[in-house]
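Asks: The amino acid sequence is not available; the structure is as follows:
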C-alpha cells in the first residue's frame, strides 16, 4: 500500500507529541542507519511502525483517507461529475467498456472507475446522488486517488440515513512554494520560481484526434480504440532544465503548458514539426527567462532522478508579488 510521505508525517504528528524537527531528525537517522538503502518514505514508515502509529483506518473512511493499494476500500460520497461510457478494443479483439464519475465529501474528492458490465451502472446515476461503495480497489493516477469497482465491489445509490451537506471545493488549494533541492517524488501542487537554463526542441507524437490519447502505428497504420483506421493528430512535449539557485531540475511542458510558456497557439507550435529550425529564435528568447510554474514532481526511474510536470505556467511572474513573498519568507526565518 502506497501512502504519501506527507500523509505519513501528518498521521505521526496527529497521534504523538513529536515535533516536526524531531521527526525529521529521526527519519534522517533511520536512513543513515540503513546506509541509504531506503527512501525517505520507507524510513517514515519504519518510524511510524516503531511508534505503533495507525497509518490507515480499516472499514469505512473519509475520502481524504483513501490511499493507493487498498483492496477493500469503503467510503461514501456525493456525485459531482459523471463522464460518458466509452468502449475500447482489447488485444484479443473483444470489446471492453469503461465509465467513471467523481464523488466528494467534506474532506476530498475521488474518481470512481467502472469496468465492463459494471460500466452500465453509469446510466442510472445522477449528480447529487449519494453513493456508498464497498470493496473497491484504490489506485493512484496523476497524483490523485481512483477507486476501481471490480466483481466483488458493492455500490448502493442513495442509501438510507446518509447525508452529505457540504463537499470539498473543486478549486485548487494554494500551492506550496518549494526549492528544487527539497522536492520529493510524491510532491504535488508545488510552486517553483526558477530560471530556464537549457531548452530542448519539442517532440511531436501521434494521438487519436477524438480522445487525445497517444496512439502508435500497427503495420504503418493508425487505429482508434474501436479498431477503426484513422488519420492521427499530433501533440507535443518540450523539456527544459530549470535552476532556482538551490539545484536544477528537468521539466516537461506538454501541450497546453507549452503554449502558455511560449505565448503562442497550437497551430503555431505544430509548424515547428516540419520546420524545427524556426524554433531556434524562440529557444534563445527563453534561455535565462525567469518563470513560475505549479505542478507535481515525478520520479524518472530510468535516470534515477526527480523531474517536474507543470500544470500551470506563468511565463511573466509579477516582480512585486515575488519580492513581497521573499520579504515574508525572510521575516519567518528571522
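Replies: Right, received. Where do you want to start? Because the structure is predicted, anything quoted here is derived from the model rather than measured.
Asks: Could you measure from residue 185 over to residue 281?
Replies: Distance from residue 185 to residue 281, counting by CB to CB, to the nearest Å: 35 Å. From N, CA and C alone the C-beta is placed, and that goes for glycine too.
Asks: between the two, who's got more neighbours?
Replies: residue 185 (18 against 9; other CB atoms under 10 Å).
Asks: and the gap between that one and residue 200?
Replies: Residue 185 is 22 Å from residue 200, where distance means CB to CB.
Asks: which parts of stretch 141-150 are buried?
Replies: Neighbour-count burial for stretch 141-150 flags 143, 145, 146, 147, 148, 149 (criterion: 16 or more other CB atoms under 10 Å).
Asks: wait, stretch 266-284
Replies: So stretch 266-284, judged by 16+ other CB under 10 Å, has buried residues 269, 272, 279, 282.
Asks: repeat for stretch 105-120
Replies: Applying 16+ other CB under 10 Å to stretch 105-120 flags 105, 108, 109, 110, 111, 112, 113, 114, 115, 118, 119 as buried.
Asks: So which of the residues you listed is the closest to residue 21?
Replies: residue 108 (28.1 Å; CB to CB).
Asks: quick one: that closest one and residue 64 touch, right?
Replies: Yes. Residue 108 is within contact range of residue 64, at 3.9 Å (criterion: CB atoms under 8 Å).
Asks: For residue 257, give its distance to residue 68.
Replies: Using CB to CB, which is the criterion applied here, residue 257 is 25 Å from residue 68.
Asks: hmm, back to that, TSV for the buried residues of stretch 105-120, including pLDDT, distance to residue 129 and secondary structure?
Replies: Below are the buried residues of stretch 105-120 laid out as TSV (pLDDT from 0 to 100; distance: CB to CB, whole Å; DSSP: H, G, I helix; E, B strand; the rest coil):
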residue	pLDDT	distance to residue 129	secondary structure
105	92	13	coil
108	90	18	coil
109	91	15	strand
110	92	15	strand
111	92	15	strand
112	95	11	strand
113	93	17	strand
114	93	14	strand
115	90	20	strand
118	89	16	helix
119	90	16	helix
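Asks: hey, which strand is longest across this protein?
Replies: strand 73-89 (DSSP state E).
Asks: tell me the angle of that one relative to strand 109-115?
Replies: 50 degrees (axes from the mean of the first three to the mean of the last three CA atoms, to 10 degrees).
Asks: who's in contact with the helix or strand following strand 73-89?
Replies: The helix or strand immediately downstream of strand 73-89 is strand 95-104, counting by DSSP states H and E. The contact list for strand 95-104, computed with CB atoms under 8 Å, 6 or more residues apart in numbering, reads 63, 75, 77-90, 109-117, 119-122, 125, 131, 133, 146, 164, 167-168, 226.
Asks: low pLDDT regions in the stretch 51-200 of the chain?
Replies: When residues are selected by pLDDT under 70, those of the stretch 51-200 of the chain lie in 54-58, 142-143, 170-173.
Asks: Thought residue 133 was touching residue 152, still the case?
Replies: No. Judged on CB under 8 Å, residue 152 makes no contact with residue 133 at a distance of 11.8 Å.
Asks: Counting neighbours, what do you get for the nearest residue to residue 78 once chain neighbours are set aside?
Replies: Once flanking residues are discounted, residue 78 sits nearest to residue 164: 4.5 Å by CB to CB, 6 or more residues apart in numbering. Neighbourhood size, residue 164 [other CB under 10 Å]: 14.
Asks: For residue 164, give me its contacts.
Replies: With CB under 8 Å, 6+ apart, residue 164 has these contacts: 76, 77, 78, 104, 105, 106, 130.
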